[in-house]
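In: Here is a sequence together with a model predicted from it:
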Amino acid sequence: MEPLSNAFTFDLRRLTVLRELQRRGSLARTAQALHLTPSAISQQLATLARDLGAPLTERDGRGVRLTGQARVLLAHADVIAAQLERARADLAAYSEGGRGTVTVGCFSSAVLGLLPTALRGLRERLPHLRVDVVEAQPPDLFTALDAGQFDVAVAVDFAAVPPHTDPRYSREDLLTDILDVALPPGHPLAERAEVPLRELAREAWIVGDAASCCGAVTRSVCAAAGFTPDVRHAVDDWAAVTALVEAGAGVALVPRLVHSVHVRRALALRPAEGEPPSRNVFVAVRAGAERDPVLGAVREELRAAAAALS
């Protein structure tokens, strides 16, 4: 490996590959996330290592792990990426804002309950701005945000989400979304003012995929109540979930964000007994991009939509 030069330089795009390897933990998963082949990922990392004159990966059984030099570089990569975003934001502020395209990556419940109000506000405020919405879940949501495919991410805190302290993002909490117990009409607990979750331990459950935010939250809430739900129906679409509950196929936890899809359903919605199960909804942009006036307007309208719901 060549020694470090006083004037060394490298392709900043290769840092994206290294950052994704840190997140995904393997060449195969990194390749899948970035839509490349594992050999292409290896070549990108080898070129970056050669440019820097420092080894970035080492063998770990059948896989690879990051070297100490790679972790040093990644600490600087976060600073570099944030500074580039600040430069882009300053240029946007210098020119007239309100034109172009902003892409928002957002989980399904917020697409239903939060985005419509925010988009109406943005159309009135910035009529020439085009806003594209893509339904997405972590970790792919944040991979796309890192790559610039998304400008704004709206997500829920759970295991697949980067921690609050992650320096790559500027994030802001929007609201606490409470989940109510959805029961079929005529269910013995439907007349209760509050439903003890433990009494639903023997029920059939309708729950989303374990990798999804709502599926993960439901499973953790049931675990906290002392049981593992008997998942009979694995469904991620909220209209389908409430239709199955109405048909008597099982019970579910339904977020208040999706009130619009079940308001006419013949089912019983009851708060859970005690501390209500909930999830934290937040918005994130790349660190440094919070100074962008257009992205600032998007965040303000999301805040206003969340305040209206609260």
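Out: Received it, and whenever you're ready, just let me know what you need.
In: Off-centre distance for stretch 211-231?
Out: Between the centre of stretch 211-231 and the centre of its host chain there is 18 Å, according to C-alpha atoms, centre = their mean, to the nearest Å.
In: so where do the helices sit in the stretch 51-200 of the chain?
Out: Counting by DSSP state H, counting those that start in this stretch, the stretch 51-200 of the chain forms helices over residues 68-94, 108-113, 115-125, 140-146, given from the N-terminal end onward.
In: mind listing what's buried in the last one?
Out: By 16 or more other C-beta atoms under 10 Å, the buried positions in helix 140-146 come out as 141-146. Glycine gets a C-beta too; all of them are placed from N, C-alpha and C.
In: helices and strands around that helix, which ones?
Out: The criterion is 3 or more C-beta pairs under 8 Å, 6 or more residues apart in numbering; DSSP states H and E, and the helices and strands that helix 140-146 contacts are helix 13-24, helix 27-34, strand 100-106, strand 152-156, strand 278-286.
In: Distance from the chain centre to it, please.
Out: A distance of 8 Å separates the C-alpha centroid of helix 140-146 from that of its chain, computed with C-alpha atoms, centre = their mean.
In: State the mean pLDDT of that helix.
Out: Along helix 140-146, the predicted confidence averages to a pLDDT of 94.
In: Please list the residues outside that helix that contact it.
Out: Contacts of helix 140-146 with the rest of the structure, by C-beta atoms under 8 Å, 6 or more residues apart in numbering, involve 16, 19-20, 23, 33-34, 105, 107, 134, 136, 150-153, 155, 161-162, 168-169, 284-286.
In: What residues of the lowest-mean-pLDDT helix or strand in the chain count as buried?
Out: Using mean pLDDT, DSSP states H and E, the weakest-scoring helix or strand in the chain turns out to be helix 68-94, at a mean of 79. The neighbour-count criterion (16+ other C-beta under 10 Å) identifies 69-70, 73-74, 77-78, 81-82, 85-86, 88-89, 92 as the buried residues of helix 68-94.
In: now those residues in CSV, with distance to residue 38?
Out: Rendered in CSV, the data for the buried residues of helix 68-94 read as follows (distance: C-beta to C-beta, whole Å):
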residue, distance to residue 38
69, 22
70, 17
73, 21
74, 20
77, 21
78, 25
81, 24
82, 29
85, 29
86, 34
88, 31
89, 35
92, 37
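In: hmm, back to that, of all the helices of the stretch 51-200 of the chain, which one is nearest residue 290?
Out: Set against residue 290 and scored by C-beta to C-beta, the helices of the stretch 51-200 of the chain come closest in helix 68-94, at 7.5 Å.
In: and residue 263, how far is that from residue 85?
Out: Distance of residue 263 to residue 85, computed by C-beta to C-beta, to the nearest Å: 40 Å.
In: ok, and for whichever strand in the chain runs longest, which residues are buried?
Out: Here the longest strand in the chain is taken by residue count, with DSSP state E as the criterion, and it is strand 169-183. Within strand 169-183, the residues scored as buried using 16+ other C-beta under 10 Å are 169-171, 174-175, 177-183.
In: Between these, which sits nearest residue 195?
Out: Closest to residue 195 out of those is residue 181 (4.5 Å), distances taken as C-beta to C-beta.
In: Could you report the distance from residue 244 to residue 232?
Out: If you measure residue 244 against residue 232 using C-beta to C-beta, the figure is 9 Å.
In: likewise residue 133?
Out: Computed as C-beta to C-beta, the residue 133 to residue 232 distance reads 32 Å.
In: give me the low-pLDDT residue ranges for the protein?
Out: 1-9, 92-99 (pLDDT under 70).
In: still on that earlier bit, among the helices and strands packed on helix 140-146, which is nearest residue 59?
Out: When these are ranked by proximity to residue 59, the top entry is helix 27-34, at 11.4 Å, counting by C-beta to C-beta.
In: ok and the closest one relative to helix 13-24, angle-wise?
Out: 120 degrees (axes from the mean of the first three to the mean of the last three C-alpha atoms, to 10 degrees).
In: Great, nothing more from me.
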